[in-house]
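1. Just need the structure, nothing else, for what follows:
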Amino acid sequence: MHTLFACGDYILAKAKHRNKTRQANVVTDFDIHAFWLCHHFEHYFVALDETKAHLAALGIPSDKITVSGIPIDPVFSKPKNKMQMRRLYKLEPTLPTILISAGGFGVGPVEKIIQSLLKMKNKAQIVVICGKNKKLKEKVDRLVKNIPANSAVRFQSVGYTEQMDSYMAASDLILGKTGGLTTCEALASGLAFVIVDPIPGQEQRNADHLLEEGVAIKCNNWPVLAYKLDKLLDEPARLNEMRLKAQRLARPLAA
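-> Predicted structure coming up:
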């Protein structure tokens with residue numbers, strides 16, 4: 001017999017029949033853990049068939065579970081021309097493009113990432129999204145300014161933006177952590193993943209699913225990040241297959 005944990009005071013009110021409002025639980029990770037579990041929800045919306053099987057095994061009736069995918073902004077379902085997006089952001093049309101969602105890393109790790117990527121042998125352009133972290137943006141700008149002119153990689157730093165869908169459309173790979181929503185946005189954009197330093201727990205479980213589906217590689221050690229990216233870029237057929245698998249795994253209309 002499994003114990004299911006309640007998710008807040010309103011669920012307690014529901015259990016005691018003081019709240020008669022119908023409620024659905026939308027799980028925004030690929031896997032599920034105790035935080036999400038409560039018999040008093042009328043319905044669950046989950047990302048994967050495996051997640052549905054997990055919930056059913058924990059005692060949630062199958063007819064209360066819909067495999068919908070994780071809802072994201074519908075803008076990610078709208079087709080965009082990659083070359084047009086690159087020209088829009090003054091990116092070289094023919095270079096492999098790597099997107100880094102840097103806000104979740106903090107200043108120190110981003111410096112390690114940039115220093116490692118400078119060792120790449122393949123030519124590439126790297127877009128670093130810093131979000132609202134002004135200190136991080138200033139740090140990245142200083143690092144980029146001092147990059148040697150003969151470096152194989154070029155960088156572009158971006159602060160807060162509401163055009164993440166367009167930046168993803170311009171890219172080939174995304175490098176970063178595996179939060180549920182960002183992961184699904186990237187899948188909808190057909191990006192291969194380079195997983196770095198996922199947070200233990202749900203991000204690690206999300207990473208496991210991406211690796212199992214063949215849409216990601218994982219770097220456990222900063223010094224070999226450039227090596228792993230070079231190896232992937234040396235195999236364009238493999239990279240293309242990863243991106244096709246990402247598109248097949250995506251559910252851009254989950255919302």
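2. can you map out the strands along this structure?
-> 24-26, 43-46, 65-67, 97-101, 124-129, 153-158, 173-176, 192-196, 216-219 (DSSP state E).
3. any low-confidence regions in this structure?
-> 1-19, 39, 103-108 (pLDDT under 70).
4. what residue is smack in the middle of it?
-> residue 183 (2.4 Å; Cα atoms, centre = their mean).
5. hmm, back to that, quick one: closest of the strands of the chain to residue 80.
-> strand 97-101 (13.3 Å; Cβ to Cβ). Where C-beta positions appear, they are placed from N, C-alpha and C, glycine not excepted.
6. Relative to the closest one, what are the paired strands and their orientations?
-> strand 124-129 (parallel), strand 173-176 (parallel) (DSSP bridges).
7. Include distance to residue 21 and mean neighbour count when you put these into CSV, please.
-> Supplementary listing: the strands paired with strand 97-101 in CSV, determined by distance: least, Cβ to Cβ, whole Å; neighbours: other Cβ atoms under 10 Å:
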stretch, distance to residue 21, mean neighbour count
strand 124-129, 38, 23
strand 173-176, 37, 25
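8. and the closest residue to residue 218 other than its chain neighbours, bridged to which residues?
-> Nearest residue to residue 218, sequence neighbours excluded (Cβ to Cβ, 6 or more residues apart in numbering): residue 195, at 4.3 Å. Taking DSSP bridges as the rule, residue 195 bridges to residue 176, residue 218.
9. how many neighbours does residue 195 have?
-> The number of residues packed near residue 195 is 23, by other Cβ atoms under 10 Å.
10. residues in contact with it?
-> Shown in contact with residue 195 (Cβ atoms under 8 Å, 6 or more residues apart in numbering): 176-178, 207, 210-211, 216-219.
11. again with residue 191
-> So residue 191 contacts 99, 168, 171-174, 243, 246 (Cβ under 8 Å, 6+ apart).
12. One more pass at 7 Å, please.
-> Residue 191 is in contact with 168, 171-174, 243, 246, counting by Cβ atoms under 7 Å, 6 or more residues apart in numbering.
13. Looking at neighbours, which among those residues is most surrounded?
-> residue 174 (28 neighbours).
14. In this structure residue 153 contacts residue 118, no?
-> Yes - between residue 153 and residue 118 there is a contact under Cβ atoms under 7 Å: 6.4 Å.
15. What is the longest helix of this structure by residue count?
-> For the chain, the longest helix by residue count, based on DSSP state H, is helix 236-249.
16. Pull out the buried positions in it.
-> 239, 242-243, 245-246, 249 (16 or more other Cβ atoms under 10 Å).
17. Spatially, which two of those are the most separated?
-> Every pair of the buried residues of helix 236-249 checked by Cβ to Cβ; the farthest is 239 and 249, at 15.7 Å.
18. how about the helices in the chain?
-> Using DSSP H, helices in the chain cover 9-15, 49-57, 82-88, 107-117, 134-145, 164-169, 180-188, 202-213, 225-233, 236-249.
19. Point out the most buried one among the ones you listed.
-> helix 180-188 (a mean of 24; mean count of other Cβ atoms under 10 Å).
20. Other residues contacting stretch 246-255?
-> Under Cβ under 7 Å, 6+ apart, the answer for stretch 246-255 is 68-72, 74, 76-77, 187-188, 190-192, 213, 215.
21. In these, find the pair that's most separated.
-> Farthest pair in these, by Cβ to Cβ: 68 and 192, 24.0 Å.
22. Between those two, which has more neighbouring residues?
-> Ranked by neighbour count (other Cβ under 10 Å), residue 68 and residue 192 place residue 192 first, with 26 against 16.
23. now the more buried one: how far from residue 67?
-> Relative to residue 67, residue 192 is positioned 24 Å away (Cβ to Cβ, to the nearest Å).
24. For residue 80, give me its contacts.
-> Contacts of residue 80 by Cβ under 7 Å, 6+ apart are 166, 169.
25. Check the spacing between it and residue 244 real quick.
-> 17 Å.
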